[in-house]
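Student: What follows is a predicted structure for the sequence shown.
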Amino acid sequence: MSLPEDLDKFPLAQGEDEKERPQPADEPADEGPDHADLMETMHRTIDRMGKDGTTRGDLKILNRTLRELRYAFKVFQPFRRRRKVTVFGSARTSPAQPAYQQAVEFGRAMAGQGWMVITGAGGGIMEAGNLGA
C-alpha cells in the first residue's frame, strides 16, 4: 500500500493533542440540567419499548449493547481525547497475502501519526494491524 507523501497535510491524520480541544461530551452526566433531559429521554424510550411489546430477544440485545457500551466508555475514558482507528478483518489472512502487508503498513502509518490502533485481537488482518502499530 502506498501512502500519500503529503499525509501530514491532512488535519485528521495529524494526531494533534486532543487535550487542547474543547470536548463538551466530557462533562459528567450529573452536572447541569442538560444531562437530566437526556437521561429522561432514555428512560422514556425504554418505557415505550415495554409498552410497544418489544420482544424479550430484542430487549436482551439492547440490554447487552448498553452494558457493553457502558464498559467501553469506562475502559477508554483515559484515552477519550486520543484519536482512534479500528482494524477488523479476516482472521484467516496469511502474512504472505497483500492485504496482510497493507494492514501492517496501515497500522504503522496511523500509529506514526499519533492514532491509537484498536483491533479485534484476532489473527490475520487484526494481527497485522497490531504488528504495524
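Tutor: Right, received. Where do you want to start?
Student: Can you show me the CA trace of the top helix by length along the chain as CSV?
Tutor: When the chain is scanned for its longest helix (criterion: DSSP state H), the result is helix 56-76. These are the backbone C-alpha positions of helix 56-76, laid out as CSV (Å, rounded to 0.1, in the frame of the first residue of the first chain):
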residue,chain,number,x,y,z
ARG,A,56,-37.7,-10.3,25.1
GLY,A,57,-35.0,-11.1,22.5
ASP,A,58,-34.8,-7.5,21.3
LEU,A,59,-34.7,-6.3,24.9
LYS,A,60,-31.9,-8.7,25.6
ILE,A,61,-29.9,-7.3,22.7
LEU,A,62,-30.5,-3.7,23.8
ASN,A,63,-29.5,-4.6,27.4
ARG,A,64,-26.3,-6.3,26.3
THR,A,65,-25.5,-3.4,24.0
LEU,A,66,-26.0,-0.8,26.7
ARG,A,67,-23.9,-2.8,29.2
GLU,A,68,-21.1,-3.2,26.6
LEU,A,69,-21.1,0.5,25.7
ARG,A,70,-21.0,1.5,29.4
TYR,A,71,-18.0,-0.8,29.9
ALA,A,72,-16.3,0.6,26.7
PHE,A,73,-16.8,4.2,27.9
LYS,A,74,-15.1,3.2,31.2
VAL,A,75,-12.2,1.4,29.6
PHE,A,76,-11.5,4.1,27.1
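Student: Following the chain onward from that helix, which element is next?
Tutor: Downstream of helix 56-76, the next assigned helix or strand under DSSP states H and E is strand 84-87.
Student: Please name every helix or strand in contact with that next one.
Tutor: With contacts taken as 3 or more CB pairs under 8 Å, 6 or more residues apart in numbering; DSSP states H and E, strand 84-87 sits against helix 98-112, strand 116-119, helix 125-132. C-beta coordinates here come from the backbone N, C-alpha and C atoms, glycine included.
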